[in-house]
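1. Pasted the sequence and its predicted model underneath.
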Amino acid sequence: MIGLLSAIAFVLAFLEFPVPLSPEFARMDISDLPALIGAFAFGPLEGVLIELVKNVLQVFSTATGGVGELANFLIGGVFVFVAGAIYKRNKTKKRAWIACIVASVAMGVMAAVMNYFVLLPLFEQFMPIDELIASFGSFIPFIRTKLDVVLYNALPFNLLKGLVISLVTMLVYKKISPILKGLKQEEKAAQ
């Protein structure tokens, strides 16, 4: 099941969308969706493992030398681990919503840290920081520093991304969880 969900996550990573109020190079995907479903169905560590496999597979087609995949793993890993850990304690719909909201905040904070210390410095290798900041400032005029990029773009965008993935998960999870659990039982019986 981890392999199947990892493969789905890997494919979803190639379906990128532009980020609102961001330059063209800022893109998003919903590849954390299978990992969140996995974390809810099997546990937080399994969700993190799905994130790991997805990002290891992405290293073979990367343009960032693995740095983007490391950041994606840490950001997505925090998201699914927090959600999975909270949900695992009490598997109710209310608890799932709480897990998703808290995990989305954790994702936003981790994304802010990774953008400030890893991703934006990486982009500086390709574009001077002033041009990078100006590219974000052209969409959000009060962005003038690297910290502004993080606080007014990376943080809210990743918070929103986490909430969108959470909403989709909440819409589909109860419908597919019996299938996932049934396949897991068949997998155990085959062993």
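-> Received, thanks. Since we're looking at a predicted model, the values are computed, not measured.
2. Going by neighbour count, list what's buried in the longest helix along the chain.
-> Longest helix in the chain by number of residues (criterion: DSSP state H): helix 155-190. By 16 or more other CB atoms under 10 Å, the buried positions in helix 155-190 come out as 155-163, 165-166, 169, 173, 180. In short, each C-beta sits where N, CA and C put it, glycine included.
3. same question, stretch 42-51
-> Phe42, Gly43, Pro44, Glu46, Gly47, Val48, Leu49, Ile50, Glu51.
4. Determine how far the helix or strand containing Trp97 lies from the middle of the whole chain.
-> Using DSSP states H and E, Trp97 maps to helix 93-114. Per CA atoms, centre = their mean, to the nearest Å, the displacement of helix 93-114 from the mean C-alpha position of its chain is 10 Å.
5. elements contacting that helix?
-> On a contact count with 3 or more CB pairs under 8 Å, 6 or more residues apart in numbering; DSSP states H and E, helix 93-114 meets helix 33-42, helix 67-89, helix 155-190.
6. Can you show me the CA trace of the second one as PDB?
-> As requested, the backbone C-alpha atoms of helix 67-89 are provided in PDB (Å, rounded to 0.1, in the frame of the first residue of the first chain):
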ATOM      1  CA  VAL A  67      17.600  20.400  -2.500                       C
ATOM      2  CA  GLY A  68      14.000  20.900  -3.600                       C
ATOM      3  CA  GLU A  69      13.200  17.300  -2.900                       C
ATOM      4  CA  LEU A  70      14.800  17.500   0.600                       C
ATOM      5  CA  ALA A  71      12.700  20.600   1.300                       C
ATOM      6  CA  ASN A  72       9.600  19.000  -0.100                       C
ATOM      7  CA  PHE A  73      10.200  15.900   2.000                       C
ATOM      8  CA  LEU A  74      10.600  17.900   5.200                       C
ATOM      9  CA  ILE A  75       7.600  20.100   4.600                       C
ATOM     10  CA  GLY A  76       5.300  17.300   3.500                       C
ATOM     11  CA  GLY A  77       6.700  15.000   6.100                       C
ATOM     12  CA  VAL A  78       5.900  17.400   8.900                       C
ATOM     13  CA  PHE A  79       2.400  17.900   7.400                       C
ATOM     14  CA  VAL A  80       1.500  14.200   7.300                       C
ATOM     15  CA  PHE A  81       3.300  13.200  10.500                       C
ATOM     16  CA  VAL A  82       1.400  15.800  12.500                       C
ATOM     17  CA  ALA A  83      -1.900  15.000  10.900                       C
ATOM     18  CA  GLY A  84      -1.400  11.300  11.300                       C
ATOM     19  CA  ALA A  85      -0.200  11.500  14.900                       C
ATOM     20  CA  ILE A  86      -3.200  13.600  16.000                       C
ATOM     21  CA  TYR A  87      -5.700  11.500  14.100                       C
ATOM     22  CA  LYS A  88      -4.300   8.200  15.300                       C
ATOM     23  CA  ARG A  89      -5.100   9.100  18.900                       C
END
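7. For it, what does the pLDDT average out to?
-> For helix 67-89, the mean pLDDT works out to 94.
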